[in-house]
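>>> Please find the sequence and the predicted model below.
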Amino acid sequence: MKIAQNCTASSLNILVLRALMKLSVRQPLTRWMKRLTPKACGNYKERFKAALKAYEDQKNPDMDDKDVAMDFFNGLDNARYATFKSETMNLLSSGAIKQPENLNAMYLLANQWVKPKTYAPGLAATFATTTWTLCQSMSVQD
């Protein structure tokens, strides 16, 4: 039984190592994409595809379609898509949705997401002040 556990643990280590190797090869692509200014999702997709083509033209290892989709997801602008990214990661980890199969599926998921509007009703206050003088109070009494 101990041998089976060791085999399972070493298999898991090999899978983790492979995933880390893939990620390290793709790091230049994701770092370059992070430097780009945030734009609308459609413009970002065009720039992402151009960066992906440049990556492939350098004879780097081919990327799996799911990896490309997740790189696109990770490169989305946090100022605009932070809520989307956290919601999607929670849904993926709970199994409520499946990981998008390719770049177009991830693009559609991001592009069709509606950003919730946030406002805080009831936090404003109005103050009115008056000057009440002794003369005014006497005239009221008369």
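Looks like it arrived, so ask away.

>>> okay, residue 99: pLDDT?
On pLDDT, residue 99 comes in at 90.

>>> again with residue 41
71.

>>> Kindly tell me how buried it is, as a neighbour count.
Neighbours of residue 41 under the rule other CB atoms under 10 Å: 19. Just so you know, the C-beta spots here come from the backbone N, C-alpha and C atoms, and that holds for glycine as well.

>>> how close does it get to residue 85?
Relative to residue 85, residue 41 is positioned 13 Å away (CB to CB, to the nearest Å).

>>> overlap in contacts of the two?
residue 76 (CB atoms under 8 Å, 6 or more residues apart in numbering).

>>> Low-confidence stretches in the chain?
Confidence mapping of the chain against pLDDT under 70 gives the ranges 1-40, 42, 119-142.

>>> Share the number of residues neighbouring residue 61, please.
Around residue 61 there are 11 residues (other CB under 10 Å).

>>> host element of it?
Counting by DSSP states H and E, residue 61 is held by no secondary-structure element, helix or strand.

>>> Okay, it and residue 118: tell me how far apart.
42 Å.

>>> Next, residue 118: secondary structure please.
Look at residue 118: counting by DSSP: H, G, I helix; E, B strand; the rest coil, its state is coil.

>>> Spit out the contact partners of residue 92.
98-99.

>>> how about it, phi and psi?
Main-chain dihedrals, residue 92, degrees, to the nearest 10: phi -70, psi -40.

>>> how much space between residue 69 and residue 118?
Taking CB to CB, one finds residue 69 at 28 Å from residue 118.

>>> who has more neighbours, the two?
Ranked by neighbour count (other CB under 10 Å), residue 69 and residue 118 place residue 69 first, with 21 against 6.

>>> Can you mark which positions in the strand or helix carrying that one are buried?
Per DSSP H and E: residue 69 is located in helix 65-75. Within helix 65-75, the residues that count as buried by 16 or more other CB atoms under 10 Å are 68-73, 75.

>>> so what does it touch, helix or strand wise?
Packed against helix 65-75 by the contact rule (3 or more CB pairs under 8 Å, 6 or more residues apart in numbering; DSSP states H and E) you find helix 2-35, helix 41-57, helix 103-111.
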